[in-house]
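Peer 1: just to be clear, the model below is a prediction. Sequence and coordinates:
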Amino acid sequence: MCGIVGYIGCNQAAPILLEGLTKLEYRGYDSAGLAVCDGTRIHVSKCKGRLKVLSELTKGGETLKGTLGIGHTRWATHGAPSDTNSHPHYNTNETIAVVHNGIIENYNKIKSRLCEKGYRFQSETDTEVIVQLLDRYYTGDPLAAISKIMTKLEGSYALGIIFKDYPDELYAVRRDNPLIVGVSEEGNFIASDVPAILKYTRKVFYVENGEIVRLTREGTQFFNSDLEHLAKEASIVEWDMAAAEKGGYEHFMLKEIYEQPKAVKDTLHPRIKDGKIVIDELNMNEDDIRKLEKIFIVACGSAYHAGMTGKYVIEDLARIPVEVDLASEFRYRNPIYPKNTLTIIISQSGETADSLAALREAKKNNCRVLGIVNVVGSSIAREADNVMYTWAGPEIAVATTKAYSTQLTAMYLLALHFAWIRQTLDRDKYDALLKELLSIPGRIEDIIKKNTTEIQYIASKFVAVRDCFFIGRGNDYSAALEGSLKLKEISYIHSEAYPAGELKHGPIALIEEGTLVIGLLTQEKLNKKTASNIVEVKSRGAFILSITCEGDEEADRISDLVIKIPAVDRHFTISLSVIILQLIAYYIAACKGIDLDKPRNLAKSVTVE
Ligand code: F6R
């Protein structure tokens, strides 16, 4: 989604803003722009395309003089990507400039009213109504104008605002869209995400919904919408620049695939004490856990796929009924919450608009909410009753890998912990499963070492493939969903995932000579069934690549190619098979020369509905 950076300090703003925006490129964007105030005027430079184009246009920022400015990378929602629709947007007199993340839902209504009052609009964006509305209510006091427009705007926004009349002040405000403030010796910052300002500071304030910020060269002041002063405490960001750099890898995605053993270990180990799982942050006592009647797991995209695995393992091990929902559906479906229900929201960014709305829906229904979140201090982390962090570190590539793997880990931890408390597992079985779980990081490492060369070769064979099907049963189906999403989002190959038993009910009509079918066979009890489905598609011309556990000979007989993963307990095989699927998707996309850290049309953190 869009990225915002703002700066006020003693240095030239434009180069700092450009540099900050490059650190937000991973969020996905199609145009970019800067507004800088030189003390007497606000100068805007903006254009469609990559930051490189903006950098050339402004000679690396040199043409925009001034020590106060705002910058933006836009991911088009209202109006196509174009120079005019890019942010920042001006009011007609060019005395106020605004950058905006989010969507103004009532912008048409506001626009019509402003047009009746004689306002004229340049762009098709919802953002331009914000700056014109500010113009309408501005009578010399920026804070008063900002608090007034907050009563008029519906939807979500994070805004960076500068006023020509106030060359020593930078303003920001948010509702349902992330925004942080960073403070440093070099000056003060606003940003939509930490990497943009990490070079200058780790000291940040998380701006809460409805808060307005005034930044000067000397410091920052926070206000509520009634313009009362707020006292806020700064947080220190733990991770450093190196964690957000490519470190010699060709792409962030590959770096993050390689970081998975550590990410999983970091999520697992702090929660094991004296041979038992201890999840203090759950804040549920044994009685609370025993009484659980139902769990909802709600998430989007890959996080939803991790939730599906959560359902399989929690139901199977702890015998608690689990419903998994896509957040965009859950928030509107009016679910029934039995008395002792836990809603788990899974999110890497902690800012996904639908997941956040689902969280609020559950809370409105007095349901306890547990957030499984990667980004510390994000909205979901702050609003959930309790947070279990996945310690994957910063994930920059748009396509998630390491965060997803840590989400799976969180699911296993919860399943085993609940099972132990509810006594649905005896001590021997519990110990055996925990031992297997602890072996996962090492096994992921082995898979990456052992299989990469073979996968590079296989990927080179599949570059020209047009359609691909992923099939599996049980937990293998959830791996199929994730493998299919990875492939389509970064390689642009059409792919679909099906429960293997469902093929005959329609999709098999699409199988023809040479169609690639990737079969997942890691669930011993289900493998024979999936194998029959594989034979069915093979006899219709499909090319079969199977992923199975060492020791399974059946797959060799029915497949064109087989990749084997170590045989681990069936609950955890997905943590291994998915590494193979990530590498296949990565190397196919890399062979196609795709800019796979920033795939087309996609954004890292989906902060609009
Ligand atoms: C796919 C991917 C997305 C995210 C989804 C949820 O590779 O990354 O499908 O999983 O947008 O995002 P978070 O986890 O930030 O809520």
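Peer 2: Alright, I've got the coordinates. Numbering: from 1, shown residues only.
Peer 1: all contacts plus neighbour counts: C-alpha atoms, from now on.
Peer 2: Fine.
Peer 1: I'd like to know how many residues surround residue 137.
Peer 2: Using other Cα atoms under 10 Å, the number of residues around residue 137 comes to 16.
Peer 1: got a list of what residue 378 touches?
Peer 2: Residues near residue 378 by Cα atoms under 8 Å, 6 or more residues apart in numbering: 178, 349-351.
Peer 1: could you report the pLDDT at it?
Peer 2: For residue 378, the pLDDT comes out at 88.
Peer 1: enumerate the residues of the stretch 201-350 of the chain near the ligand.
Peer 2: By Cα under 6 Å from any ligand atom, the residues of the stretch 201-350 of the chain that approach the ligand are 300-303, 347-350.
Peer 1: so which residues of the stretch 151-300 of the chain form strands?
Peer 2: 157-163, 170-175, 180-184, 187-191, 203-206, 212-215, 220-223, 229-230, 235-236, 272-273, 276-277, 294-299 (DSSP state E, counting those that start in this stretch).
Peer 1: ok, of those strands, where does mean pLDDT dip lowest?
Peer 2: Mean pLDDT is lowest for strand 235-236 among the strands of the stretch 151-300 of the chain, at a mean of 90.
Peer 1: tell me the residues of the stretch 401-550 of the chain that contact the ligand?
Peer 2: Counting by Cα under 6 Å from any ligand atom, the stretch 401-550 of the chain sits next to the ligand at residue 486.
Peer 1: follow-up on the earlier one: in CSV: the strands of the stretch 151-300 of the chain, plus mean neighbour count.
Peer 2: As requested, these are arranged in CSV below (neighbours: other Cα atoms under 10 Å):
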stretch, mean neighbour count
strand 157-163, 26
strand 170-175, 26
strand 180-184, 23
strand 187-191, 28
strand 203-206, 20
strand 212-215, 23
strand 220-223, 18
strand 229-230, 14
strand 235-236, 12
strand 272-273, 12
strand 276-277, 16
strand 294-299, 25
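Peer 1: and residue 128, which of the ones you listed is closest to it?
Peer 2: Closest to residue 128 of the strands of the stretch 151-300 of the chain, according to Cα to Cα: strand 157-163, at 11.9 Å.
Peer 1: quick one: residues contacting residue 559.
Peer 2: Per Cα under 8 Å, 6+ apart, neighbours of residue 559: 534, 543-546.
Peer 1: helices - which of the residues you listed land there?
Peer 2: residue 534 (DSSP state H).
Peer 1: if you rank the contacts of residue 559 by neighbours, which is first?
Peer 2: Busiest of those [other Cα under 10 Å] is residue 534, holding 28 neighbours.
Peer 1: that older thread, which one of the strands of the stretch 151-300 of the chain lies closest to residue 48?
Peer 2: strand 157-163 (19.9 Å).
Peer 1: elements contacting the closest one?
Peer 2: Helices and strands touching strand 157-163, by 3 or more Cα pairs under 8 Å, 6 or more residues apart in numbering; DSSP states H and E, are strand 3-9, strand 68-74, strand 96-101, strand 170-175.
Peer 1: can you tell me which of those strands is most buried?
Peer 2: Across the helices and strands packed on strand 157-163, the average number of neighbours (mean count of other Cα atoms under 10 Å) peaks for strand 68-74, which reaches a mean of 33.
Peer 1: excluding its backbone neighbours, what's nearest residue 376?
Peer 2: Excluding its sequence neighbours, the residue lying closest to residue 376 (Cα to Cα, 6 or more residues apart in numbering) is residue 389, at 7.4 Å.
Peer 1: what's opposite that neighbour in the beta bridge?
Peer 2: Beta-bridge partners for residue 389, by DSSP bridges, are residue 373.
Peer 1: list the contacts of stretch 293-307.
Peer 2: By Cα under 8 Å, 6+ apart, the surrounding residues in contact with stretch 293-307 are 310-311, 320-328, 330, 337-348, 354-355, 358, 400, 404, 407-408, 411, 478-479, 481-482, 485.
Peer 1: return the subset of the residues you listed lying in helices.
Peer 2: Checked against DSSP H, the contacts of stretch 293-307 include these in helices: 310-311, 327-328, 330, 354-355, 358, 404, 407-408, 411, 478-479, 481-482, 485.
Peer 1: output the below-cut-off pLDDT ranges for the protein.
Peer 2: Within the chain, the segments meeting pLDDT under 70 span 1, 239-244.
Peer 1: domain ranges for it, per the record?
Peer 2: Per automatic domain parsing, the structural domains of the chain span 3-237, 246-438, 445-597.
Peer 1: now distance to residue 603 too, for those, in TSV please.
Peer 2: Formatted as TSV, the domains of the chain follow (distance: least, Cα to Cα, whole Å):
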stretch	distance to residue 603
domain 3-237	4
domain 246-438	6
domain 445-597	10
